[in-house]
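Enquirer: Turn this into a model:
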Amino acid sequence: MFFTTVVIKQFLKFAHFKKSKRMLQIAFIRENQEKVIQALAKRNLDAKAMVATVVALDEKRRATQVELDTILAESNKLSKDIGELMKSGEKAKAEILKEKSTQLREKGKELTEALNTVSEELTQELYKLPNTPADIVPQGKSADDNVNVFQEGDIPVLHEGALPHWDLIKKYDIVDFELGTKITAPGFPVYKGKGAKLQRALISYFLDKNTDAGYQEYQVPHLINEASGYGTGQLPDKEGQMYHDAKDDLYLIPTAEVPVTNIFRDVILQENELPVLCTGYTPCFRREAGSWGAHVRGLNRLHQFDKVEIVRIEHPDKSYEALEGMVEHVKVLLQELKLPYRILRLCGGDMGFTSALTYDFEVFSTAQDRWLEISSVSNFETFQANRLKLRFKGKDGKTQLAHTLNGSSLALPRVLAGILENYQTPEGIVIPEVLRKYTGFDIID
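Expert: Model prediction:
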């Protein structure tokens, strides 16, 4: 009706990746300073000063630790000597050593405070460093430099008088932006009637596809604490984009990735428990400060929107194979929805703070004549795991950091926009066949 389902313009090629350390652990930075600086340059970030600060703080921390260890060792020895002198009745000598022991304890207390201070300073500096891009990530400064690696689906030819989705939702009274503004503020739409049912159908369809593929479903809190935000890398990088309740010091989630991945914070898995596959639906909240403009009308950009997410915890040797599998999984969703889409490999300048490699999915909005991002699928390697202290114990008994991955499957607003625009007919908006068992109707008219 709209287009043939398979029109491949390019083949998606995933390179074989060498096992690498992109954890940005202090030991790796210290031993590979130039390597880290060069890698972060791909993000258009001059990290020389940041790396120098990190290394200097680490040297100070290690020197303080050595001095403290020496003081503690000497203090322990004195305690034993004092005990022996007291047993032998040499109280005068013991009192001299007690005075020295008191001085050592005071010095140890000072050094402990100094160590805590420099350790916290080092941690805060490390939080500022983004993940280093994988070798396959293209050089570039903005979205214009992303690489189109795959495209599928013919773009439909719409009837004369076809409308963009913001006019369609008014025509069929399925989403109400004015009501959302009345209740809350702009960017908080109210879905109603068949619009609400279609929204629910998409959520159920995505969750069912994910669980059928082996992902375990979770229902998670929509508020997170500060530790969770730091664990997955939203803090401090995206603090200005997150809604914050100052009284309770809690943040509204920007994506289900954050609470789902934090389920495994401070967890040590066994190697035979890998991989761990999770999925969850949540509303997502983003302030999107400064993002309003000509291309953000209607459902294109919202402060609250629905999204179904997939998260994986993987062995480092298998994470890029898993990434390929996640991309293929998202492709199936769009193939079944029969929406024209493309996949972009993001350049260094357009990647998220935590990502080592990201593939964006975009659906074509025929009425708007532009591509709309509807999913990002990313491998974070050990970057999040290092913050989360998410580890696994190998068969050799050694503990190491796991790799984390996540992807949208899918973000609803722009998928809905694509369906409304691409499936519109003079008679109404036809419901994609795969969704009809969920909606209970086949047309919005």
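Enquirer: Output the helix or strand encompassing N210 as PDB, nothing but the C-alphas.
Expert: Per DSSP states H and E: N210 is located in helix 194-212. This file holds the C-alpha atoms of helix 194-212, laid out as PDB (Å, rounded to 0.1, in the frame of the first residue of the first chain):
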ATOM      1  CA  LYS A 194      -7.700   6.500  19.600                       C
ATOM      2  CA  GLY A 195      -4.500   8.500  20.200                       C
ATOM      3  CA  ALA A 196      -4.200   7.100  23.700                       C
ATOM      4  CA  LYS A 197      -5.000   3.600  22.500                       C
ATOM      5  CA  LEU A 198      -2.500   3.800  19.700                       C
ATOM      6  CA  GLN A 199       0.100   5.000  22.200                       C
ATOM      7  CA  ARG A 200      -0.700   2.000  24.500                       C
ATOM      8  CA  ALA A 201      -0.600  -0.400  21.600                       C
ATOM      9  CA  LEU A 202       2.900   0.700  20.600                       C
ATOM     10  CA  ILE A 203       4.100   0.300  24.200                       C
ATOM     11  CA  SER A 204       2.600  -3.200  24.400                       C
ATOM     12  CA  TYR A 205       3.900  -4.200  21.000                       C
ATOM     13  CA  PHE A 206       7.500  -3.100  21.800                       C
ATOM     14  CA  LEU A 207       7.500  -4.800  25.200                       C
ATOM     15  CA  ASP A 208       6.200  -8.000  23.700                       C
ATOM     16  CA  LYS A 209       8.800  -8.000  21.000                       C
ATOM     17  CA  ASN A 210      11.500  -7.400  23.500                       C
ATOM     18  CA  THR A 211      10.400 -10.100  26.000                       C
ATOM     19  CA  ASP A 212      10.000 -12.500  23.100                       C
END
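Enquirer: contact partners of that helix?
Expert: If you take CB atoms under 8 Å, 6 or more residues apart in numbering as the criterion, helix 194-212 is touched by 169, 172, 174-175, 191, 217, 279, 281, 306, 308, 310, 329, 332-333, 336, 409-410, 412, 415-416, 419, 431, 434-435, 438-441, 444. From N, CA and C alone the C-beta is placed, and that goes for glycine too.
Enquirer: Taking those, please make a PyMOL selection of just the buried ones.
Expert: One line in PyMOL is enough to select the buried ones among these; burial here means 16 or more other CB atoms under 10 Å:
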select buried, resi 169+172+174+175+191+279+281+306+308+310+329+333+409+410+412+415+416+419+431+435+438+439+444
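Enquirer: Check whether V175 really touches P189, as I assumed.
Expert: Yes: when contacts are counted by CB atoms under 8 Å, V175 is listed as touching P189 (5.2 Å).
Enquirer: Now list whatever residues contact both of the two.
Expert: Contacts common to V175 and P189, judged by CB under 8 Å, 6+ apart, are L299.
Enquirer: Apart from its chain neighbours, what residue comes closest to Q65?
Expert: Nearest non-adjacent residue to Q65, counting by CB to CB, 6 or more residues apart in numbering: L115, 6.1 Å away.
Enquirer: Are we agreed that that neighbour is in a strand?
Expert: No: using DSSP: H, G, I helix; E, B strand; the rest coil, the secondary structure at L115 is helix, not a strand.
Enquirer: what about it, neighbour count?
Expert: 18 (other CB atoms under 10 Å).
Enquirer: Please tell me I have it right and it contacts K60.
Expert: No: using CB under 8 Å, L115 makes no contact with K60, being 9.4 Å away.
Enquirer: per-residue pLDDT, the residue nearest to Q65?
Expert: For L115, the pLDDT comes out at 95.
Enquirer: Please name the residues that touch it.
Expert: So L115 contacts R61, T64, Q65, L68 (CB under 8 Å, 6+ apart).
Enquirer: Which entries within those residues meet the buried criterion?
Expert: R61, T64, L68.
Enquirer: Let me have those residues in a markdown table, extended by distance to Q139, secondary structure and pLDDT.
Expert: Below are the buried ones among the contacts of L115 laid out as a markdown table (distance: CB to CB, whole Å; DSSP: H, G, I helix; E, B strand; the rest coil; pLDDT from 0 to 100):
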| residue | distance to Q139 | secondary structure | pLDDT |
| --- | --- | --- | --- |
| R61 | 34 | helix | 96 |
| T64 | 40 | helix | 96 |
| L68 | 45 | helix | 93 |
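Enquirer: SS state for F305?
Expert: strand.
Enquirer: Report the beta-bridge partners for it.
Expert: F305 has these beta-bridge partners by DSSP bridges: C284.
Enquirer: In contact with it, which residues?
Expert: With contact set as CB under 8 Å, 6+ apart, F305 has these partners: P283, C284, L299, A411, L412, P413.
Enquirer: Which PyMOL command selects the buried ones in the residues you listed?
Expert: Here is the PyMOL selection string for the buried members of those, based on 16+ other CB under 10 Å:
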select buried, resi 284+299+411+412+413
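Enquirer: which two from the contacts of F305 end up farthest apart in space?
Expert: Between any two of the contacts of F305, the greatest separation by CB to CB is 14.2 Å, found for P283 and L299.
Enquirer: Tell me, how many residues neighbour D46?
Expert: 11.
Enquirer: how about it, phi and psi?
Expert: phi -90, psi 100 (degrees, to the nearest 10).
Enquirer: Now do the contacts for it.
Expert: For D46, the contact set (CB under 8 Å, 6+ apart) is empty.
Enquirer: pLDDT score assigned to it?
Expert: Listed pLDDT for D46 reads 96.
Enquirer: For the remainder of this discussion, apply numbering that starts at 56.
Expert: Will do, 56 is the new start, and the previous item becomes D101.
Enquirer: With A256 as the reference, measure out to it.
Expert: 48 Å (CB to CB, to the nearest Å).
Enquirer: so where do the helices sit in the stretch 306-455 of the chain?
Expert: For the stretch 306-455 of the chain, applying DSSP state H, counting those that start in this stretch gives helices covering 312-317, 374-392, 438-443.
Enquirer: mind checking which of these is nearest V204?
Expert: helix 374-392 (9.5 Å).
Enquirer: What residues sit buried inside the closest one?
Expert: By 16+ other CB under 10 Å, the buried positions in helix 374-392 come out as 374-375, 377-378, 380-382, 384-386, 388-389, 392.
Enquirer: Mind checking the helices of the stretch 306-455 of the chain for the one nearest to A128?
Expert: The nearest among the helices of the stretch 306-455 of the chain, by CB to CB, is helix 438-443 at 30.2 Å.
Enquirer: shaky segments in the stretch 306-455 of the chain?
Expert: 344-350 (pLDDT under 70).
Enquirer: need the strands for it, in chain order.
Expert: Using DSSP state E, counting those that start in this stretch, the strands of the stretch 306-455 of the chain run over residues 323-325, 331-340, 359-369, 396-400, 412-420, 425-436, 446-448, 454-456.
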